[in-house]
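S.K.: Prediction below, plus the sequence it came from.
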Amino acid sequence: VIEDIKILEAVERYISGQMSPDERVYFEQLRKSNPEIDQMVVEHTFFLQQMNRFDDVKKFKSVLNDTHIHLGEKGLIKAPRLKGKARVIYLYNRYKRVSAIAASIAGITALTISALVWSLSPGKLANNQRDIDNLSRDIRNINQKVTQVQKQNQVLNQKLDNVKDQGLPDNIPYITGGTGFLIDSKGYLVTNAHVVKGAQHVAVQSGNGKDLRAKVIYSDIDRDIAILKIIDKNYKPLSSIPYSIKRNSGDLAESIFTLGYPRNDIVYGNGYIASKTGPDGDTLSCQITIAANKGNSGSPVLNKNGEVIGILSKKENTIEGAAFALRSKYIFEALNELQKDSSYRNIKLPVSSSLKGKDRTQQVNAISNYVFMVKVD
Amino acid sequence: LVLKRDQLKSDTSERLLLQGLARNDKKAIETIYKENYNLVQAIVINNSGTSEDAKDIFQEAMIVLYEKVQSGTFELNCQIKTFVYSVSRRLWLKRLMQQNRFNLSDGHGESVSVDEEMEEHEKRNTEFIMMEKAMNGLGEPCKSLLEAFYLQKKSMQEISVSFGYTNSENAKNQKYKCLMRLKKLFFSQYKNESL
């Protein structure tokens, strides 16, 4: 059989002209002296031609069919239009193309508006100036309308929220700010200071979707850390926190994971410690490699034992997947500062993790109840 | 003189269309289709056919034209329209004869003799059907394997990767077995046909 395969390979190389001149001469000799091989060449040439013709005509038939449908639907030939499923499929395929075109037109329109402003602005003619004035007035009008619509939306959302949760007394239009996690089950959370910066009202939302009012009791904008307290009467203290807060922040290449609210549902991500320093070589934070989004700010960064080693705080835009985590030791320092006020002396950080040796799914399950979405007005 | 120049112009455009058809140019195919379909549909429908029949007949006539230009002949001894019409007419007549109806009433256009083309096409069409049967009888992954090598011209290296063979030697071995089966399926029909 191996012999036969070799012979066939030679025949194919001969037919397709891939043989070197020497080989070719030799093979032609062989053909002459060996009628079996000669027959093989003739037969195989014929067969390959048959296969190619078959393929060619098959493809041509499919082009003819497409052409027929296309010309028929456009009314360019008198053939009856498609019906039923065939028509649905045809329209679907066309619609796909149209929607792609529509999307690119939307993009072009946006570009054109900015291009208009740009190309008209250097002009010196009075007409141009008037055009620009008109255009900017239009844009202002549009912006106003958009703002109105947004406000209406917020009001509507708020009404919906109120219906959902009668426990919320005020009409506060919250927007999603970031993530926070409990450091004491009595209702104390840590998040980034930039998440709650300038907020008049703060609420946190857990996995079950209830908004709980909270207030900022400590904020350090330089270190980007804040501590919140849940003050809602509907908050029922959770059982003890499964993770612990670590004083030192782990080693290079150590694997880490995070849980946060970049969108309405909790999202898990994993990665590794990429560098022990922050954006400018500072020791405040460390660089991690993880997929992070805006709402991930304030998410806990945990090691494989379920110990918090940092708070996800910044995203590096120039490096794909790079983010920065504020070292966990600043949670201790922030708490020290806060506890100068005696009313907070009872806050106790969790010192031991009950997650060691558990698999990731179990860890994430245990942690997710202690991670909250932070919303601000 | 004016007439002659117009004639020349249309000859050139016909030639361009045929050359386009030979290299599978979509625009050319569409143009020939658009300019000839309605006439063929009219003959078929006026002679107890349906629009489905018309589509089949017209497309087969297009294949006859395609086969002709594929062999390098761009000089028809008539216009494309006359050729397509003549072939379609013959094809439909044949279909009607198989159903025992002989008369074809038409007066739609000029027609030429296409005996030679019809004979060649019939042979090729038979071969096409035989290859189709052989291919369909082959089963997977043999069919895809042979298509990848002989029609898509992929290398044994690529094929062994995409089909999941551990090395290209094994893929070659499998290809050989598949080819032998396909040839057997194809040529056995050939023998039956000539009997």
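M.R.: Yep, it's here. Numbering: from 1, shown residues only, chains lettered A, B, ... in the order given.
S.K.: dump the residue contacts of the residue most central in space within chain B.
M.R.: The residue lying closest to the centre of chain B (CA atoms, centre = their mean) is B:Ile63, at 3.2 Å. Residues near B:Ile63 by CB atoms under 8 Å, 6 or more residues apart in numbering or on different chains: A:57, A:60-61, A:64, B:121. C-beta coordinates here come from the backbone N, C-alpha and C atoms, glycine included.
S.K.: Under a three-state scheme, what state does whichever residue of the stretch 251-377 of chain A sits closest to chain B occupy?
M.R.: Using CB to the nearest CB, the closest approach of the stretch 251-377 of chain A to chain B is made by A:Glu320 at 28.1 Å. Per DSSP: H, G, I helix; E, B strand; the rest coil, the secondary structure class of A:Glu320 is coil.
S.K.: Could you report the distance from it to A:Ser285?
M.R.: The spacing between A:Glu320 and A:Ser285, counted by CB to CB, to the nearest Å, is 19 Å.
S.K.: list the helices and strands the helix of greatest length in chain B packs on?
M.R.: Ranked by residue count under DSSP state H, the longest helix found in chain B is helix B:168-194. Secondary-structure packing of helix B:168-194 (3 or more CB pairs under 8 Å, 6 or more residues apart in numbering or on different chains; DSSP states H and E): helix A:2-15, helix A:35-73, helix B:115-138, helix B:142-146, helix B:156-163.
S.K.: Which secondary structure elements does the last one sit against?
M.R.: Contacts of helix B:156-163 with other secondary structure elements, assessed using 3+ CB pairs under 8 Å, 6+ apart, are made with helix B:142-146, helix B:168-194.
S.K.: Could you check the angle it makes with helix B:168-194?
M.R.: Helix B:156-163 runs at 90 degrees relative to helix B:168-194, counting by axes from the mean of the first three to the mean of the last three CA atoms, to 10 degrees.
S.K.: ok, and for helix B:156-163, which residues are buried?
M.R.: By 16 or more other CB atoms under 10 Å in any protein chain shown, the buried positions in helix B:156-163 come out as B:156, B:159-160.
S.K.: same deal with stretch A:36-53?
M.R.: Applying 16+ other CB under 10 Å to stretch A:36-53 flags A:37, A:40-41, A:44, A:47, A:50-51, A:53 as buried.
S.K.: try stretch B:161-170
M.R.: B:165, B:168.
S.K.: In PDB, list the C-alpha atoms belonging to it.
M.R.: Presented in PDB, the C-alpha positions along stretch B:161-170 are these (Å, rounded to 0.1, in the frame of the first residue of the first chain):
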ATOM      1  CA  VAL B 161      -4.000  20.200  11.100                       C
ATOM      2  CA  SER B 162      -7.600  21.100  10.200                       C
ATOM      3  CA  PHE B 163      -8.900  17.500  10.200                       C
ATOM      4  CA  GLY B 164      -6.900  16.700  13.300                       C
ATOM      5  CA  TYR B 165      -4.500  14.000  12.000                       C
ATOM      6  CA  THR B 166      -1.400  13.700  14.100                       C
ATOM      7  CA  ASN B 167       0.900  14.000  11.100                       C
ATOM      8  CA  SER B 168       0.600  14.600   7.400                       C
ATOM      9  CA  GLU B 169       1.700  11.000   6.700                       C
ATOM     10  CA  ASN B 170      -1.500   9.700   8.300                       C
END
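S.K.: Now find how far off-centre that stretch is within its chain.
M.R.: In terms of CA atoms, centre = their mean, to the nearest Å, the centre of stretch B:161-170 is found 34 Å from the chain centre.
S.K.: now do stretch B:40-57
M.R.: Here stretch B:40-57 is found 19 Å from its chain centre; the criterion is CA atoms, centre = their mean.
S.K.: do the same with stretch A:256-271
M.R.: The answer for stretch A:256-271 is 11 Å, by CA atoms, centre = their mean.
S.K.: start to end distance for that stretch?
M.R.: End-to-end distance for stretch A:256-271: 5 Å, by CA to CA, to the nearest Å.
S.K.: What does the pLDDT read for the residue of the stretch 251-377 of chain A closest to chain B?
M.R.: At A:Glu320, the model reports a pLDDT of 71.
S.K.: For it, grab phi and psi.
M.R.: The phi and psi values for A:Glu320, taken as degrees, to the nearest 10, are phi -60, psi 120.
S.K.: So it versus A:Ala292, what's the distance?
M.R.: 11 Å.
S.K.: contacting residues around stretch B:133-149?
M.R.: By CB under 8 Å, 6+ apart, stretch B:133-149 touches A:51, A:54-55, B:154, B:156, B:158-159, B:162-163, B:171, B:174-175, B:177-179, B:181-182, B:185-186, B:189.
S.K.: Any of the residues you listed buried? List them.
M.R.: The neighbour count (16+ other CB under 10 Å) marks A:51, A:54-55, B:154, B:156, B:159, B:171, B:174-175, B:178-179, B:181-182, B:185-186, B:189 as buried among these.
S.K.: Kindly indicate which of the residues you listed lies nearest A:Asn270.
M.R.: B:Ile159 (36.8 Å; CB to CB).
S.K.: Hmm, B:Glu169 and the closest one touching each other?
M.R.: No. With contacts counted by CB atoms under 8 Å, B:Ile159 stays clear of B:Glu169, the gap being 11.9 Å.
S.K.: what about A:Ile290, neighbour count?
M.R.: 22 (other CB atoms under 10 Å in any protein chain shown).
S.K.: Helix or strand: which one has the residue lying closest to it once chain neighbours are set aside?
M.R.: Spatial nearest neighbour of A:Ile290, chain neighbours left out: A:Gly271 (3.3 Å); criterion: CB to CB, 6 or more residues apart in numbering or on different chains. Taking DSSP states H and E as the definition, one finds A:Gly271 inside strand A:267-275.
S.K.: Distance from the chain centre to that strand, please.
M.R.: Counting by CA atoms, centre = their mean, strand A:267-275 comes out at 14 Å from the chain centroid.
S.K.: Also stretch A:146-153?
M.R.: On CA atoms, centre = their mean, the centre of stretch A:146-153 falls 27 Å from that of its chain.
S.K.: Could you do stretch B:118-133 as well?
M.R.: 9 Å.
S.K.: what does the average pLDDT come to for that stretch?
M.R.: Mean predicted confidence for stretch B:118-133 is 88.
S.K.: Hmm, A:Leu238 is touching A:Leu182, no?
M.R.: Yes. The pair A:Leu238 and A:Leu182 passes the contact test of CB under 8 Å, sitting 7.0 Å apart.
S.K.: Looking at those two, which one has more neighbours?
M.R.: When neighbours are counted by other CB under 10 Å, A:Leu238 and A:Leu182 differ, and A:Leu182 comes out ahead with 25 against 14.
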